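In: A structural model of the following input is requested.
(2 chains)
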There are 2 protein chains.
Amino acid sequence: MSQPAESPLVGVGEIVAATRRSAGLIRRTPMLPLDVPASEKAGPTERRPDLLLKAEHLQLLGSFKVRGAFNAVASLPEEVRARGVITFSSGNHGKAVAHAAALHGVKATVVMPDTAPAVKIDGVRALGATVELVPPERRDIHPYELAARSGAQVVHPFDARDVIAGQGTLGLEILQQAPDLSAVLVPVSGGGLISGVAVAIKTLRPDVRVIGVEPELAADAAVSLRTGERAVWPTEDVYRTRADGLRATSLGALPWEHIRRLVDDIVTVSEDDISRALRCLACHGKQVVEPSGAVAPAALLFGSFVPPAGAGPVVAVVSGGNVDPAVVSSVLATPL
Amino acid sequence: MSQPAESPLVGVGEIVAATRRSAGLIRRTPMLPLDVPASEKAGPTERRPDLLLKAEHLQLLGSFKVRGAFNAVASLPEEVRARGVITFSSGNHGKAVAHAAALHGVKATVVMPDTAPAVKIDGVRALGATVELVPPERRDIHPYELAARSGAQVVHPFDARDVIAGQGTLGLEILQQAPDLSAVLVPVSGGGLISGVAVAIKTLRPDVRVIGVEPELAADAAVSLRTGERAVWPTEDVYRTRADGLRATSLGALPWEHIRRLVDDIVTVSEDDISRALRCLACHGKQVVEPSGAVAPAALLFGSFVPPAGAGPVVAVVSGGNVDPAVVSSVLATPL
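Out: Numbers count the residues shown, from 1 in each chain, chains lettered A, B, ... in the order given. Below is the predicted model:
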């Protein structure tokens, strides 16, 4: 458990500082109990603990990403702000950086895959950023080429201390809102969110389990934790999942350090589980969420994560709600 | 403004008592800001005040009705409990009484119109109550015939002090959660909800406007307030609205006393406004609500209620979320 000097983990003090820095700029989202009728619970799920949804789809701009983006932009040196920021994102991080930059009077360029849903591309443009669309496999390279030419700063969506510290503010809120929780389920893509949440929770409440959740079709982090080596999946593989916010091909280097030291387990959910969770959240929770936002509740609802008998409430992070209305319409038209 | 001896208004003390009686049994629902993109605001709506949703669709059983039903059942004399309770309802009040009765070990019979959505009928049965389906025009008579035979107590959905006092707990919460509000928009059917809310708000904050909202197709209360005489509309008329929770043919006698003395105005919304509000709440608010729950936000979103320039936040009560998934699916499939 020794920490190499080049990558010390983010500390809870950095998360507290991020909370202070973002006060009044981001929302304290509600914690919503999910009621599922007894008739839809079968077998072991009858003894299932209460499921609480940490509703980050109700966060400003519709996802948790503002937490990290605001902290990163607020922490930029003055001379860098003048040259602008560049980021890349399947959508929600792009919107968050665009908004944070606009608040600070900084020019923002957002590189997005040309496969991103129209609702996400339009959302970024409406916030005043320049959008550059590239093929998915160019998404992680193009921003650095741009930055080399312009001197702008790349704000990485997950592999950056300030971003991880910002996402960690979510962990502090969870502890305040659900002090009797036994576990927290967190969606995993590049690993920034779960890293920040794990620092907050494992520092203050080491008894609470921190569990990552990935789509089976983009399960590089689950494989990494199992093998002890950071796995990289081909872009065409991770793009199979409908959870378009969870298509990172590997964990970031800094998130990987956090995850291998702090996270108890990473479980996976099927595409069918994701669809069923979307419908369950809409019908019983009355919440419209994006597919990536449904994976954490899906893990408890459909048995990927089975807590011990008598365990306290489980918190599932619903990470975002930016979804094409047609997707929700189609999910609701299909029987459970 | 003199009060006839036979129908004194409910007092705020009765509401405080109801809050105490229901502590731990009902939820304190969240107050959710509704973000509508600037691109969808035009003309005068650009200066529209913030819209806050009081999220009673996230209440226990999916509607505000538990507030009144729990207070009414908890207040029954012991000998009446032994004979059971009977109620009639387009759905949500029936569920609420069924649940409150089950908690107290009391037999409940719920009379429902045979036009009620399947999801509402099934919901009442799942809570252990006996359901009797009757034609809509028999719904208000049949319960009293049953009660005459069995000696059970009828729990009226709106024309009863205990029910009004219970609904008033919502008004107290609104004042705590949005102390800077300028107005509250409340859906009106039989008038129990707005009566309780008006007592709480006008007693403690007479400067806050209390505005009722009805579908144009079931606008008996708006007509009543305008003419000063309690109007009665034919059943076949009020059943034209898709807002199936707002099909009372007239205000109750006791609610009418409250409304004519305390409510500032009652405005109406079209069926098209209701559909557009359902979609706006789903797309921008990420909330699935029933048509009756969408009328109050619709009034501010689409111009039925125009607050003065510079007014503080407007709270819209979202009264319930018990809707067939097919309805939401179809609304989401239609462009705004």
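In: Contacts made by the helix or strand encompassing residue A:32 with the rest, please.
Out: Per DSSP states H and E: residue A:32 is located in strand A:31-33. Contacts to strand A:31-33, defined as C-beta atoms under 8 Å, 6 or more residues apart in numbering or on different chains, come from residues A:50-55, A:174, A:177-178, A:285, A:287, A:315, B:27, B:30, B:58. Where C-beta positions appear, they are placed from N, C-alpha and C, glycine not excepted.
In: Can you pull the domain assignment for chain A?
Out: Domain ranges of chain A: A:12-63+A:161-333, A:65-154, per automatic domain parsing.
In: In JSON lines, list those domains along with distance to residue B:64, mean pLDDT and mean neighbour count.
Out: What follows is these, written out as JSON lines (distance: least, C-beta to C-beta, whole Å; pLDDT from 0 to 100; neighbours: other C-beta atoms under 10 Å in any protein chain shown):
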{"stretch": "domain A:12-63+A:161-333", "distance to residue B:64": "14", "mean pLDDT": "94", "mean neighbour count": "21"}
{"stretch": "domain A:65-154", "distance to residue B:64": "31", "mean pLDDT": "91", "mean neighbour count": "20"}
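In: Spell out which residues of the stretch 51-200 of chain A are next to chain B.
Out: Within reach of chain B by C-beta under 8 Å from any C-beta of the partner chain, the stretch 51-200 of chain A has these residues: A:57-58, A:60, A:62, A:126.
In: what sits against whichever residue of the stretch 1-150 of chain A sits closest to chain B?
Out: Shortest the stretch 1-150 of chain A-to-chain B distance, computed as C-beta to the nearest C-beta: residue-wise this is residue A:30, at 4.1 Å. If a contact means C-beta under 8 Å, 6+ apart, then residue A:30 has A:55, A:58, B:30, B:32 as its contacts.
In: Kindly report the residues of the stretch 201-336 of chain A close to chain B.
Out: Taking C-beta under 8 Å from any C-beta as the contact definition, the stretch 201-336 of chain A meets chain B at A:279, A:282-283, A:286-289, A:321, A:325-326, A:328-330, A:332-333.
In: at 6 Å what do you get?
Out: Residues of the stretch 201-336 of chain A lying close to chain B by C-beta under 6 Å from any C-beta of the partner chain are A:282-283, A:286-288, A:321, A:325, A:328-329, A:332-333.
In: Now residue A:314, what are its backbone angles?
Out: Per-residue torsions, residue A:314: phi -110, psi 130 (degrees, to the nearest 10).
In: tell me which residues form a beta bridge with the residue lying closest to residue A:76 once chain neighbours are set aside?
Out: The shortest distance from residue A:76 to any non-neighbouring residue, by C-beta to C-beta, 6 or more residues apart in numbering or on different chains, is to residue A:153 (6.3 Å). In this structure, residue A:153 bridges to residue A:85 when assessed by DSSP bridges.
In: Any figure for the gap between residue A:24 and residue A:60?
Out: Residue A:24 sits at a distance of 11 Å from residue A:60 (criterion: C-beta to C-beta, to the nearest Å).
In: I meant to write residue A:259 there.
Out: Separation of residue A:259 from residue A:60 (C-beta to C-beta): 26 Å.
In: Residue A:129 now?
Out: With distances taken as C-beta to C-beta, residue A:129 is found 16 Å from residue A:60.
In: do residue A:261 as well
Out: To residue A:60, residue A:261 is 31 Å away according to C-beta to C-beta.
In: Kindly report the same for residue A:146.
Out: From residue A:146 to residue A:60 the distance is 27 Å (C-beta to C-beta).
In: just the helices in the stretch 201-336 of chain A please.
Out: For the stretch 201-336 of chain A, the helices defined by DSSP state H, counting those that start in this stretch cover A:220-227, A:235-238, A:253-262, A:271-283, A:291-301, A:325-332.
In: so how far is the first one from its chain's centroid?
Out: This means helix A:220-227. With C-alpha atoms, centre = their mean, to the nearest Å as the basis, helix A:220-227 stands 17 Å off its chain's centre.
In: Now tell me what touches that helix from outside.
Out: Here helix A:220-227 makes contact (C-beta atoms under 6 Å, 6 or more residues apart in numbering or on different chains) with A:188, A:214, A:230-231, A:233, A:250-251, A:266, A:268.
In: again, only this time at 10 Å
Out: Helix A:220-227 is contacted from outside by A:188-191, A:194, A:212-216, A:219, A:229-234, A:237-238, A:246, A:248-251, A:255-256, A:259-260, A:263-268, using C-beta atoms under 10 Å, 6 or more residues apart in numbering or on different chains.
In: Could you tell me the phi and psi values at the closest residue to residue A:267 other than its chain neighbours?
Out: Distance criterion C-beta to C-beta, 6+ apart; nearest residue to residue A:267, sequence neighbours excluded, is residue A:304 at 4.3 Å. Phi and psi for residue A:304, reported as degrees, to the nearest 10, are phi -70, psi -30.
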